[in-house]
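Enquirer: Below are the sequence and a predicted model for it; my questions follow.
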There are 2 protein chains.
Amino acid sequence: MASEYRSHPRWAFPISQVVADMPQTVPFVGPEEIQRARRRPFRARLGANESSFGPSPLAIAAMRDAASESWMYADPQSFDLRSALSKHHAIPIDQVMIGEGIDGLLGLAAKVAVSPSTTVVTSNGAYPTFNFHVAANGGRLVLVPFRDDREDLDALLEAAKREDASLIYVSNPNNPMGSVWRADVIAEFIARVPENILVLLDEAYADTAPAGVITPIDTLQPTNLIRFRTFSKAYGLAGARIGYAIAVPEVISLLDSIRNDYGINRVGLQGALAALDDQTYLLEVVEKISRARVRVGAIAADNGLVALPSATNFVAIDCGRDGAFAVRVMQEVLARDVFVRKPGAPGLDRCIRVSVGDDAALDIFAEVLAEALLAAA
Amino acid sequence: MASEYRSHPRWAFPISQVVADMPQTVPFVGPEEIQRARRRPFRARLGANESSFGPSPLAIAAMRDAASESWMYADPQSFDLRSALSKHHAIPIDQVMIGEGIDGLLGLAAKVAVSPSTTVVTSNGAYPTFNFHVAANGGRLVLVPFRDDREDLDALLEAAKREDASLIYVSNPNNPMGSVWRADVIAEFIARVPENILVLLDEAYADTAPAGVITPIDTLQPTNLIRFRTFSKAYGLAGARIGYAIAVPEVISLLDSIRNDYGINRVGLQGALAALDDQTYLLEVVEKISRARVRVGAIAADNGLVALPSATNFVAIDCGRDGAFAVRVMQEVLARDVFVRKPGAPGLDRCIRVSVGDDAALDIFAEVLAEALLAAA
């Protein structure tokens, strides 16, 4: 079995070949690391699709209350939050599990379904953290181009069949472009996927999507589907690391069998529970996000640029030229102390991606974008 | 490659054979689950080696303050905490990494060093969560019996050589018996391990150990050693899920390459930072834990039982008869609404394991133990 391992001059013990073969990159450089490198703080934090509107005040209160209980491990079953989600989505409790954000849950799904002989299909430019998890399990990635700034469902399915893939990753709404497919289109796509191919449907931005985009859960429970939701986006709890997966009980049970039993932090769990319970606040935030998207669109238009339609808490702004120009625009925005990111894949790379923020943050962005475009030109 | 996979009548997509082969057990059933089954709460929570003395008030204050910042992801580099730990232990920052508790870090170490062709040596009755991670990566476990209630270092090393193992797990102080090896014995053991065998040294209970037990970090940095520490025990932050690993930079870099980049929760990180900064409080708690261990010993003696010497925040009480009797004692204690656990391995199974608690909790335990022993007899 020697071929499974390699040793390294700096360590003599054998390590997994899959780990040895991992690319030495991270999916996203954090804003704090950029700040440390630049030796100055950002004035506005619009790069990680966090919600500067914050979580419900009730969630903050619940987390403050829970702080003094942090001497106790959280319930490893996350029973209270799973119960609440079960009621919220009207599904049995054994169809939902909690994870350390969607990132953690995608890691479990990859561990279950990806091995060195597995082929995985995703879109070129879609969520890189998923690709990281595929690499961490030695899978082969097949990347399908976006089409008209959307994930190309037909091409994804065709590639999966052609390449004998066992896994397809799809997001709706999509990151980094903010685009969507209608609920019935997604439902029809999933119905067309053979049952021996597992579909991971990333719905991180489900809560900000307009009506008709999110397929009702009760109409979509095939055995080969896992849906992913999170408290990191519209619920405003990115730092709490609480996401959840929805699937048939047998699939939940598979994910459950390999999770860290005591992986979820107690304060975050209480925050998520309170946030879920405050749907009034969620609706208010979704409305604020919607207005902020319009404002980002107006800022783009003021500068002669086009903002793409978005169903998420961010907006992709088409910088109107090639990828190299958009990189310069992003760099000039960063240089002016505003944290934004951009898509890197061909076709998408003409854009920068701006998370929506409160008025103060968008005022700064408006001021900075005009200067950045001048400097980049 | 069909042999790597199995499919299941309830799902048609292939899953990893390693996952398919996982035992369907959990390392520890949580107290909340027991409470739900019993439909009544525990009066005292003395089963999970949590610290009922709680974290530093400064840590609680820091967590309360951080709650409203939970809309932001934490710094994926955990730079501030790593800096503080680097100063605290007087080691370079690239020799320390943060994980979701020691559990999460053991998972990374297993992922790096365990594959289906790997043999791993640990003690029969040592931390079961580690064994879970070995199983989750398909490794073969070789279990070495404890000797005189301690992990048998010579036998572990001998087994590792005999079985061609690439990994040894050792804890000091030990869980579930609370026993220790002196620092020089551990140092000598590690020096004897060939460099092609990786040693995982679990020091979860380092902070409660008496002087002379914990090997100084600067004298013990071979390339084949990873040390694990946590804020879950003496620091009183079990619910925060913050642990750390110490190793040479090349090994940290291996673990780092497969971690969840945004896995650490923001509130917990702030709590750990403040807790580390309050060493005065830590010393006070360690003193309280020490006194509480004496009290548990006295409670045991009052009931004609012998408490084992402990360097941790729990005490193993020898129930004086066989494993079946000790199970009955534990069940009778549980039936009286006090949460305790017990070792299950032959030789160790004569004991129940009682986490130390504050006076109120130990008053309840004292009352309950006498009744439980009568009922079990």
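Expert: Arrived safely, thanks for sending. Residues are numbered from 1 along each chain as shown, chains lettered A, B, ... in the order given.
Enquirer: can you give me how far the helix or strand hosting A:Glu287 is from the chain middle?
Expert: For A:Glu287, the element it lies in under DSSP states H and E is helix A:279-302. Computed by Cα atoms, centre = their mean, to the nearest Å, the chain-centroid distance of helix A:279-302 equals 19 Å.
Enquirer: And for A:Val294, the neighbour number?
Expert: Using other Cβ atoms under 10 Å in any protein chain shown, A:Val294 has 12 neighbouring residues. In short, each C-beta sits where N, CA and C put it, glycine included.
Enquirer: Okay, angle between whichever helix or strand A:Lys87 is part of and helix A:279-302 too, please.
Expert: Assigned by DSSP H and E, A:Lys87 belongs to helix A:79-89. Going by axes from the mean of the first three to the mean of the last three Cα atoms, to 10 degrees, helix A:79-89 is angled at 70 degrees with respect to helix A:279-302.
Enquirer: What residues sit buried inside helix A:79-89?
Expert: A:79, A:81-82, A:84-86, A:89 (16 or more other Cβ atoms under 10 Å in any protein chain shown).
Enquirer: Partner strands of the next helix or strand after the helix holding A:Glu287, with direction?
Expert: Per DSSP H and E, the first helix or strand lying C-terminal to helix A:279-302 is strand A:306-307. Strand A:306-307 sits in its sheet next to strand A:314-318 (antiparallel), going by DSSP bridges.
Enquirer: ok now the one helix or strand A:Met63 maps to, how far from the chain's centre?
Expert: Using DSSP H and E, A:Met63 sits within helix A:57-67. Mean C-alpha position of helix A:57-67 versus that of the full chain (Cα atoms, centre = their mean) differs by 25 Å.
Enquirer: Next, the contact list for A:Pro222, please.
Expert: A:190-191, A:195, A:248 (Cβ atoms under 8 Å, 6 or more residues apart in numbering or on different chains).
Enquirer: Name the member of the residues you listed with the most neighbours.
Expert: Top of the contacts of A:Pro222 by neighbour count (other Cβ under 10 Å): A:Ile190, with 20 neighbours.
Enquirer: where does that one fall, helix, sheet strand or coil?
Expert: With DSSP: H, G, I helix; E, B strand; the rest coil as the basis, A:Ile190 sits in helix.
Enquirer: Quick check: the residue of the stretch 101-250 of chain A nearest chain B.
Expert: Chain B sits closest to A:Gly239 of the stretch 101-250 of chain A, with a gap of 3.1 Å, by Cβ to the nearest Cβ.
Enquirer: How many neighbouring residues does that residue have?
Expert: 30.
Enquirer: The closest residue to it other than its chain neighbours and A:Asn265, how far apart?
Expert: With Cβ to Cβ, 6 or more residues apart in numbering or on different chains as the criterion, A:Gly239 has its nearest non-adjacent residue at 3.1 Å, and that residue is B:Arg266. B:Arg266 is 10 Å from A:Asn265, where distance means Cβ to Cβ, to the nearest Å.
Enquirer: One more: A:Asp337?
Expert: A:Asp337 is 31 Å from A:Asn265, by Cβ to Cβ.
Enquirer: ranges for the helices of the stretch 51-200 of chain A?
Expert: A:57-67, A:79-89, A:101-113, A:128-136, A:153-162, A:183-192 (DSSP state H, counting those that start in this stretch).
Enquirer: Of the ones you listed, flag the one that's most buried.
Expert: helix A:101-113 (a mean of 26; mean count of other Cβ atoms under 10 Å in any protein chain shown).
Enquirer: tell me the mean pLDDT for it?
Expert: What helix A:101-113 shows for mean pLDDT is 97.
Enquirer: Likewise for stretch A:154-166?
Expert: For stretch A:154-166, the per-residue pLDDT averages 98.
Enquirer: With stretch A:253-270 instead?
Expert: For stretch A:253-270, mean pLDDT is 95.
Enquirer: now stretch A:333-347, how far from the centre of its chain.
Expert: The answer for stretch A:333-347 is 17 Å, by Cα atoms, centre = their mean.
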